[in-house]
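Asks: predicted model and sequence below, questions to follow.
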Amino acid sequence: MSNRSVSSPALTGPNELAPARGATERPDPTILLVDDDSSVRGSICRVLRAEAIHVAAARGVKDALDHLFWHTPQLVITDLYMAPLAGWDLIAFLRSRHPGVPVFVITAFARPFAGELMNEIAAYFQKPLELEVFVAAIRRQLGVSGPRHSQQRPVQWQ
């Protein structure tokens with residue numbers, strides 16, 4: 001038997017992964033957001049948190065896989081083109097280990113896939129995102145009601 005301990009991903013900032021469960025236990029995030037662009041991650045996190053949607057953000061697929069060891073989100077939102085692992089790799093992992101978790105794809109490319117992969121995702125969005133449409137789709141997928149702040153001004157991309 002090994003004495004090897006398992007550690008969780010480090011907390012690296014306000015828009016990054018939360019530590020795994022421990023002394024200060026938190027519920028699983030509603031959404032896991034995976035994008036290697038920090039401005040995209042930050043903008044989406046601000047919008048979703050303003051809507052009272054619990055979100056954890058990963059800088060790439062490796063961080064997402066580490067996070068999925070400890071948590072099972074209700075929805076994964078991922079970019080496709082990241083290095084060294086791509087969103088395609090994350091989708092394949094989710095289908096094998098978390099088959100019930102829906103996936104939204106966000107990418108700067110217009111319909112970069114066809115055929116069978118279309119059956120593997122719940123929704124596709126091209127960047128820059130239309131935030132109202134994006135948030136409405138998330139709310140529908142999660143089965144939660146309308147906007148928390150109906151008078152709130154939309155968050156602009158930085």
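Replies: Noted; the coordinates are in hand.

Asks: can you give me the strands for this structure?
Replies: Taking DSSP state E, the strands of the chain run over residues 31-34, 55-58, 75-79, 103-107, 123-126.

Asks: nearest to L65, out of the ones you listed?
Replies: strand 55-58 (8.6 Å; CB to CB). Any C-beta I mention is one placed from the backbone N, CA and C, and that applies to glycine too.

Asks: paired strands for that closest one, with orientation please.
Replies: strand 31-34 (parallel) (DSSP bridges).

Asks: which other residues reach the strand it pairs with?
Replies: Residues from elsewhere that reach strand 31-34 (CB atoms under 8 Å, 6 or more residues apart in numbering): 41, 44-45, 48, 53-58, 60-61, 63-64, 67-68, 71, 73-79, 82, 87, 90, 138, 142.

Asks: show me which of those are buried.
Replies: Burial of those was assessed by neighbour count (16 or more other CB atoms under 10 Å); the buried members are 41, 44-45, 48, 53, 55-58, 60-61, 63-64, 67-68, 71, 73-79, 82, 87, 90, 138.

Asks: just to revisit the earlier point, let me have the strands of the chain in a markdown table, extended by distance to R95 and mean pLDDT.
Replies: Formatted as a markdown table, the strands of the chain follow (distance: least, CB to CB, whole Å; pLDDT from 0 to 100):
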| stretch | distance to R95 | mean pLDDT |
| --- | --- | --- |
| strand 31-34 | 15 | 97 |
| strand 55-58 | 18 | 96 |
| strand 75-79 | 11 | 97 |
| strand 103-107 | 9 | 94 |
| strand 123-126 | 16 | 92 |
